[in-house]
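Peer 1: What shape does this take:
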Amino acid sequence: MIIRPITDKDLDTLFQIAEESGPGFTSLMPNRDALAQKVDHSMASFERKVVRPADEHYLFVLEDEATGDIMGTTGIEANAGHTQPLYHFRRNTVTHHSRDLDLRHSVETLTRCNHYTGYSEICSLYLRPEFRQANAGKLLSRVRFLFMALHPERFSQNIIAEMRGVSDASGQSPFWNWLRAHFVDMEFSQATHLVGAGYTDFIDELMPSHPLYTCLMSQAARTVLSQVHSQTRPALRILEAEGFQHKGFIDLFDAGPTVECALADIRSVRASTACRVSIDESETLGRSGLGHRQHVANEPTLITNAGTVDFRATITADSFEESGNLIISPAMADKLHLEDGDLSRILPLSHARPAQTRNTAMELSYAY
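Peer 2: Below is the predicted model of the structure:
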């Protein structure tokens, strides 16, 4: 498996992924023209010289090197809300108090806001069902943190992820169904399509700007507040293990939670290290007798180069870190476009693993 920036040759597969991912996956909508623009924008973003984040969007693909198949996607929005408003509902508690009657009552409200404008956003993570295998989802999720650690000038100091909320196989969202009945008479799929295509004017024009009392909502709508789609639970668990927290901001359409973390506090950023590459030509890499090296064979490690346009990353057990040097084989160096003395960033997956993990079939499913 290899991670690389998306190119225009990946457009057909990207369109297939947009269709496969289903309703609510607004960062990749099945509109070929919009996806072509997204690919072009991503390619241009990787090529830019950046001193501070602007409207860059970085989209990566996970490729099966043996077959050339695209296994999944993952992305980063450098500056959320830069080109179009980024709206959320904030969950608040409001207390009404009558001193004279000695009565007090607290109720929850949802208030539309632009709290996360200027944050960097991780997005577009999708692992295709036929390629859900060991370490594939971890590579798609964690590679973004290493890329941001390598190029901090391109990103905000604070990172968010908007998690996909609850909707069924037919695209019905309980939260949106309540909003539709009272405010915006359009299908959930139409609303998410408009947002995915970059049109957000209808939010200001039609959606409520005043606080909404959740006690007045349907039970079905209240139940899904801050809940994630079944296919998104594994991705949320990974982000929570990385240090991301939900602080009460939810999506306008499906009520899915947004989670946040400072870039410097992300577990994979703190656990990863920068190394200089040393290419081992002796063909002894991975053999026994190398126990004095700090990372032994068969310990999966995420390795990246330090490029942008030429960025590459993979997970391998055939590498060693010794005295600040990353020792790899010529084949691995060629795969990652690395030469002797180049900068690399590495993350042993055992260092990124939380104290307790669950190895279930569900964790092979990723989408948000």
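Peer 1: can we go C-alpha only for contacts and neighbour counts from here?
Peer 2: Will do.
Peer 1: Tell me which helix or strand residue 105 sits in.
Peer 2: Secondary structure assignment for residue 105, by DSSP states H and E: strand 103-113.
Peer 1: Other residues contacting that strand?
Peer 2: The contact list for strand 103-113 (C-alpha atoms under 8 Å, 6 or more residues apart in numbering) reads 87-98, 208-215, 252.
Peer 1: Just the buried residues of those.
Peer 2: Among the contacts of strand 103-113, those classed as buried by 16 or more other C-alpha atoms under 10 Å are 87-92, 208, 212-214, 252.
Peer 1: Next step: these restricted to strands.
Peer 2: Among the buried ones among the contacts of strand 103-113, the ones falling in strands (DSSP state E) are 88-92, 212-213.
Peer 1: can you map out the helices along the stretch 51-200 of the chain?
Peer 2: 136-150, 174-182, 188-196 (DSSP state H, counting those that start in this stretch).
Peer 1: now the angle from the second one to helix 188-196?
Peer 2: It refers to helix 174-182. 100 degrees (axes from the mean of the first three to the mean of the last three C-alpha atoms, to 10 degrees).
Peer 1: which parts of helix 174-182 are buried?
Peer 2: Residues of helix 174-182 classed as buried under the neighbour-count rule (16+ other C-alpha under 10 Å) are 174-180.
Peer 1: Could you do stretch 319-329 as well?
Peer 2: Quick answer for stretch 319-329 (16+ other C-alpha under 10 Å): 319-321, 325-329.
Peer 1: ok, now stretch 262-281?
Peer 2: Neighbour-count burial for stretch 262-281 flags 263-264, 266-280 (criterion: 16+ other C-alpha under 10 Å).
Peer 1: try stretch 49-58
Peer 2: Neighbour-count burial for stretch 49-58 flags 53-54, 56-58 (criterion: 16+ other C-alpha under 10 Å).
Peer 1: how much space is there between the nearest residue in space to residue 260 that is not next to it in sequence and residue 17?
Peer 2: Excluding the flanking residues, the one nearest residue 260 by C-alpha to C-alpha, 6 or more residues apart in numbering is residue 160, at 4.3 Å. Using C-alpha to C-alpha, to the nearest Å, one gets 23 Å for the distance from residue 160 to residue 17.
Peer 1: So between the two, which is more surrounded?
Peer 2: Taking neighbours as other C-alpha atoms under 10 Å, residue 160 and residue 17 compare with residue 160 leading, 24 against 21.
Peer 1: Show the contacting residues for that one.
Peer 2: 116, 119-122, 258-261.
Peer 1: and which of those residues is nearest to residue 187?
Peer 2: residue 258 (22.7 Å; C-alpha to C-alpha).
Peer 1: The closest one pairs with what?
Peer 2: Note on residue 258: beta-bridge partners residue 162, judged by DSSP bridges.
Peer 1: Could I get the pLDDT score of it?
Peer 2: If you check residue 258, the pLDDT there is 97.
Peer 1: My guess is it contacts residue 246. True?
Peer 2: Yes: the pair residue 258 / residue 246 is scored as a contact, 6.0 Å apart, by C-alpha atoms under 8 Å.
Peer 1: Strands of the stretch 151-300 of the chain, start to end?
Peer 2: With DSSP state E, counting those that start in this stretch, the ranges of strands along the stretch 151-300 of the chain come out as 158-162, 212-213, 245-250, 257-262, 273-279.
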